[in-house]
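Trainee: Requesting a structural model of the entry that follows:
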Amino acid sequence: MIQITFTYRCVQCGSTDIVRNGHNRCGQAQYHCHACGAYRVLPPAPFQSAPLRTLKETVLRAYKERASLRGLARVFNVCRQRIARWIVEKVRHLPPLRQTLAPAQPDDVLELDEMWTFVGRKANKRWLWTVMCRRTRQILAFAIGDHTQKTCQRLWARVPDAYRRCHSYSDFWKAYQALPHTTHQCVGKETGQTAHMERWYNTLRQRVGRVVRKTLSFSKSEAFHNMVVKWFIAEYNLDHVGPTGPSLTN
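Mentor: As a prediction, this is how the structure comes out:
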């Protein structure tokens, strides 16, 4: 028989003077530290870390299929605070958006559009502005803000220089009038020149519950709202990298 001994330490002060203290609402074992008085969730032993990593990856994949934090907590028996920490950690290790892009080509065409979202309540509007390369279907840049020219200019400033020289299309919203007239053209939706960008918003709403119009999964925190959008776009771009691979330059 093989026996493994593992000594638990308090994650706050490092003391070994801890005792079990029941379970939380998600069924996870808790402890109480006699040294610092902290009450925390008992971490898994090292030999249990592989199943935990598998669970973490499964939960994060499920989150991008329009699942809510509370729904994931019910299904996987993991507290939503831990799931939120996993999401923050995942986004923190994402590469910069420019490093997820394929190299630009001279005949590339860009499509620009914006989508309405909100944080907390519908009166607190947050518009998501995006630029897509028609050839690669990658999102070249995004900006979240109001529905004014200021946010549109912030979006255009984030487009890599090599793509900014390409021809681009948008609808007739007045904010787009500030874009370079030599390469940008405002067109009606009936032309189909922005159809790919508009269709991408359907994909986003299908996959991320926070941007669905009628749902209880909407964002309560603006920082978390921006974080989840960034996460989706970065991984979407990496899934659409062409045979030449991502570009590490402008």
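
Trainee: Find the least confident helix or strand in the protein, judged by mean pLDDT.
Mentor: Ranked by mean pLDDT, DSSP states H and E, the weakest helix or strand in the chain is helix 49-63, scoring a mean of 81.

Trainee: show me what contacts the closest residue in space to Lys189 that isn't next to it in sequence?
Mentor: Sequence neighbours aside, Asp171 is the residue nearest to Lys189 in space, at 6.3 Å (criterion: CB to CB, 6 or more residues apart in numbering). C-betas here are computed from N, CA, C, even on glycine. For Asp171, the contact set (CB atoms under 8 Å, 6 or more residues apart in numbering) comprises 113, 186-189, 194.

Trainee: Repeat that for Leu110.
Mentor: 131-134, 140, 159, 163, 166-169.

Trainee: hmm, try it at 10 Å
Mentor: In this structure, Leu110 makes contact with 104, 131-135, 140-141, 156, 159, 163-164, 166-170, 183-184, 194, 197, judged by CB atoms under 10 Å, 6 or more residues apart in numbering.

Trainee: Just to be sure, which of those residues are found in helices?
Mentor: 156, 163-164, 197 (DSSP state H).

Trainee: how about those, which pair is most distant?
Mentor: Arg164 and Met197 (16.5 Å; CB to CB).

Trainee: Looking at those two, which has the bigger crowd around it?
Mentor: Met197 (23 against 20; other CB atoms under 10 Å).

Trainee: pLDDT weak spots in this protein?
Mentor: 1-4, 26, 44-51, 214-216, 242-250 (pLDDT under 70).

Trainee: circling back: columns secondary structure, distance to His34 and neighbour count on top of the contacts of Asp171, output as TSV?
Mentor: Formatted as TSV, the contacts of Asp171 follow (DSSP: H, G, I helix; E, B strand; the rest coil; distance: CB to CB, whole Å; neighbours: other CB atoms under 10 Å):
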residue	secondary structure	distance to His34	neighbour count
Asp113	strand	58	22
Cys186	strand	68	18
Val187	coil	70	13
Gly188	coil	71	10
Lys189	helix	66	12
Thr194	coil	63	22
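
Trainee: I'd like to know which of those residues is nearest to Pro96.
Mentor: Asp113 (22.7 Å).

Trainee: what's the first-to-last distance across stretch 210-218?
Mentor: 4 Å (CA to CA, to the nearest Å).

Trainee: In stretch 161-176, which residues are buried?
Mentor: Buried residues in stretch 161-176, defined by neighbour count with 16 or more other CB atoms under 10 Å: 162-164, 166, 168-171, 175-176.

Trainee: Then stretch 5-12?
Mentor: For stretch 5-12, by 16+ other CB under 10 Å, it's Cys10.

Trainee: how long is that stretch from one end to the other?
Mentor: For stretch 5-12, the end-to-end distance is 22 Å (CA to CA).

Trainee: Also stretch 167-178?
Mentor: Its start and end residues considered, stretch 167-178 measures 15 Å (CA to CA).

Trainee: Please identify which of the contacts of Asp171 is nearest to Tyr201.
Mentor: So of the contacts of Asp171, ranked by how close each gets to Tyr201 (CB to CB), first place is Asp113, at 7.1 Å.
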